[in-house]
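**Q** Test case, fold it:
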Amino acid sequence: MDIAEVKRKARTAASKRRAEAHELLKEVAGAALAERGLPESLPPGIVSGFIPYKSEITTIPLLNRLRREGWQTALPVVIAPEQPLVFRAWAPGEPLVPGVWDIPIPPETAPEVLPDVLLVPMLAFDRRGYRLGYGGGFYDRSLEKLRRLKKVVAVGVAYHDQMADEVPVGPHDAPLDYVMTERESFACG
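**A** Got it, this is the predicted structure:
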């Protein structure tokens, strides 16, 4: 079985696990992330969060905390298939417009930024720092591009129950530096 088929099957199972975790924890998980905050080793800079799509965990309470701590916050924007994301400045409470898949994004008038930290959504993850996404490669391409330009820290954000013993990894999969769940945060490796 090739890696694409292995990932397809893993995505199906991971989507079900995430949806179950979301139903149980959606009201408390975002606050738990915010209470913990980012690792203390990360100095304030530009952080890109995300607006939850389907059953993703919310990063909005965490973004609110980070704003109070001096971070500039931003959101990702899908520009085109097979292209890196663009990141636009945005603070919780500011206006959003519908983007690709109707995911809310900052308006085109919001300035583009180059994040120092990316909060990355996922379907599944492992302790090595590999994640299973939806298969579009947007975050992998974005991390590759940003890491050529500057030091960028990738923090996977998910429900604890999304952890797998090992996720399937392809040649273009970019590893995470940290993972945050409602239960714990850890450095990958």
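**Q** Could you give the bridge partners of the residue minimising distance to the centre of the chain?
**A** Taking C-alpha atoms, centre = their mean, the centroid of the chain lies closest to residue 120, which sits 1.4 Å from it. Per DSSP bridges, the residues bridged to residue 120 are residue 156.
**Q** ok, now which ones touch it?
**A** 50, 131, 139, 154, 155, 156, 157, 176 (C-beta atoms under 8 Å, 6 or more residues apart in numbering). From N, CA and C alone the C-beta is placed, and that goes for glycine too.
**Q** ok, the first one touching residue 119?
**A** Right, the one you point to is residue 50. Yes - Residue 50 lies in contact with residue 119 (C-beta atoms under 8 Å); the separation is 6.2 Å.
**Q** Common neighbours of those two, please.
**A** Looking at what touches both residue 50 and residue 119 (by C-beta under 8 Å, 6+ apart), the common residues are 59, 157.
**Q** So if I had to pick from these two, which one is more boxed in?
**A** residue 119 (27 against 23; other C-beta atoms under 10 Å).
**Q** Okay, helices next: where are they in the chain?
**A** Along the chain, the segments classed as helices by DSSP state H run 3-25, 29-36, 60-68, 138-149.
**Q** Of all the ones you listed, which one comes closest to residue 42?
**A** helix 60-68 (9.8 Å; C-beta to C-beta).
**Q** ok, the nearest residue in space to residue 94 that is not next to it in sequence - contacts?
**A** Closest residue to residue 94 apart from its sequence neighbours, by C-beta to C-beta, 6 or more residues apart in numbering: residue 106 at 7.1 Å. By C-beta under 8 Å, 6+ apart, the contact list for residue 106 reads 74, 75, 77, 88, 89, 90, 94, 95, 96, 97.
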